[in-house]
Structure formats: structure tokens, C-alpha cells
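**Q** Quick one, structure for this:
(chains A and B)
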Amino acid sequence: EAEVAQSPRYKITEKSQAVAFWCDPISGHATLYWYRQILGQGPELLVQFQDESVVDDSQLPKDRFSAERLKGVDSTLKIQPAELGDSAMYLCASSLAGDRVHEQFFGPGTRLTVL
Amino acid sequence: GNSVTQMEGPVTLSEEAFLTINCTYTATGYPSLFWYVQYPGEGLQLLLKATKADDKGSNKGFEATYRKETTSFHLEKGSVQVSDSAVYFCALSQGTSYDKVIFGPGTSLSVIP
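**A** Residues are numbered from 1 along each chain as shown, chains lettered A, B, ... in the order given. Down below sits the predicted model:
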């Protein structure tokens, strides 16, 4: 069964350092999402791609976060510099485009701890 | 703006008990409604969905009915199992071409033997 892949699964870093997360969506899924999930809360959308284009990054802290999906397939989310408040689970999801009711398929997430 | 409210957890039930997790929403128009489940150490996965009023979504013994008059989408299961222990998220999507999903805060369920 096709799955969304993410790496690393866990990342510990010190504040002010740079971190990067990688996501490989299910083959053929044009829409890719990055979410941040703080412990005890629901996922919050950071950025959404349609193919290689960003269609929603209204909640992305652009002074320190960046995301790219250069060839419209896999994607990288970067944080530079990391802050203590960035400690969270970062989830990637993908879905087919064109369907009004998209099922989003989630990866296992990357748990980030900033010390 | 759009939002989702869920009953606070954690919820602890004995095996074979009846489960209800309340979910209400605020949205304009006619959103689609979802329940996602997150098992320990895993990502979220879609449990069930409903796309219009009075629709009933069902899967793995879980059910939820889209009630527009009460803006609710309560999750129910007649007899829970230990394997149902997880965090359950209610969510909505406006169903626009960019399909943004808004999640509730989640309700943690523990089922004890």
C-alpha cells in the first residue's frame, strides 16, 4: 500500500540552529501539505502545494520557515533559526487534486525538539 | 472564521462500552466533515467522512451523521475495543478547489480491558 514517507522521524536540535524535514508523497498526488501539531492540539496547516506552486502559506512564519517542492514531487520544510517554541510534530500529507472531497493521507511525522 | 470544537478528553472506557465523542462546527456554506484517528506513534488516518447534510459516514463500526440543523458531527461506536485507543480528530473542509482542512483539538480515548 502506498504511503507518505517522512524523514527524519525524530530531530533534536539547539535553538538558533537550522533544521530540515523531507516528505515524499504518494505517487500521483498533486497536492502536498505541511502541518504543525503541538502536543495536545490538532494539526495546523503551514503550507499547501498544488504541484510545485504554493497555494496557501498564510500560517507559515516566513521569517524563519521556508518550504519548497521544486519538481512537484517531494518537498522540504526548513526552519532557520529554530526557536524553543518550534518544538512540535511536523506532519506531511498528500491528496489527489481535482476531487471536491479530498482524502488526505498522512505520513508518520517528524518530532522536533528544540533545546 | 471556520472552527471545530470537540469534547475534552481524555475519555476512558471499558471494553464493549458505548462511545460518543461530540463535535460541533462553525462554518459558512456547506462544508464536508471528517473524523481522523491517530494511533500512538503514527500519523493521522481518515476514519470516515460525510459531504452533505444528513449523510452518515461509517467505518470499522464507527458512525457519524452530518447534522446541519445542530452543526454537529458526533462520533459513535456501539462497542469499543482496546485497539480503538487513539486520539480522534473532527475536521471540516470547505470543499473549495484548495480544500483546506481545519482540525479540532482532538479527543484522546483509552479503552481498558
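
**Q** Direction included, what does the helix or strand harbouring residue A:36 pair against?
**A** Assigned by DSSP states H and E, residue A:36 belongs to strand A:31-37. Partners of strand A:31-37 in the sheet, by DSSP bridges, are strand A:44-50 (antiparallel), strand A:88-95 (antiparallel).

**Q** Would you pull up how far the first one lies from the middle of the chain?
**A** Counting by CA atoms, centre = their mean, to the nearest Å, strand A:44-50 is centred 7 Å from the centre of its parent chain.

**Q** Please export the C-alpha coordinates of that strand as CSV.
**A** Extracted in CSV, the C-alpha atoms of strand A:44-50 (Å, rounded to 0.1, in the frame of the first residue of the first chain):
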residue,chain,number,x,y,z
GLU,A,44,-2.4,23.3,11.9
LEU,A,45,-1.7,23.9,8.2
LEU,A,46,1.6,25.6,7.5
VAL,A,47,1.8,25.4,3.7
GLN,A,48,-0.1,23.7,0.9
PHE,A,49,1.3,23.0,-2.6
GLN,A,50,-0.5,22.2,-5.8
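
**Q** do the next helix or strand after it and chain B meet?
**A** Going down the chain from strand A:44-50, the next helix or strand is strand A:53-56, by DSSP H and E. Yes: with CB under 8 Å from any CB of the partner chain as the criterion, chain B is reached by strand A:53-56 at A:55, A:56. For every residue, glycine as well, the C-beta is placed using N, CA and C.

**Q** hmm, who's touching strand A:53-56?
**A** Contacts with strand A:53-56, where a contact means CB atoms under 8 Å, 6 or more residues apart in numbering or on different chains, come from A:45, A:47, A:48, A:49, A:67, B:98, B:100.

**Q** Which pLDDT value belongs to the fifth one?
**A** Here, the pLDDT recorded for residue A:67 equals 97.
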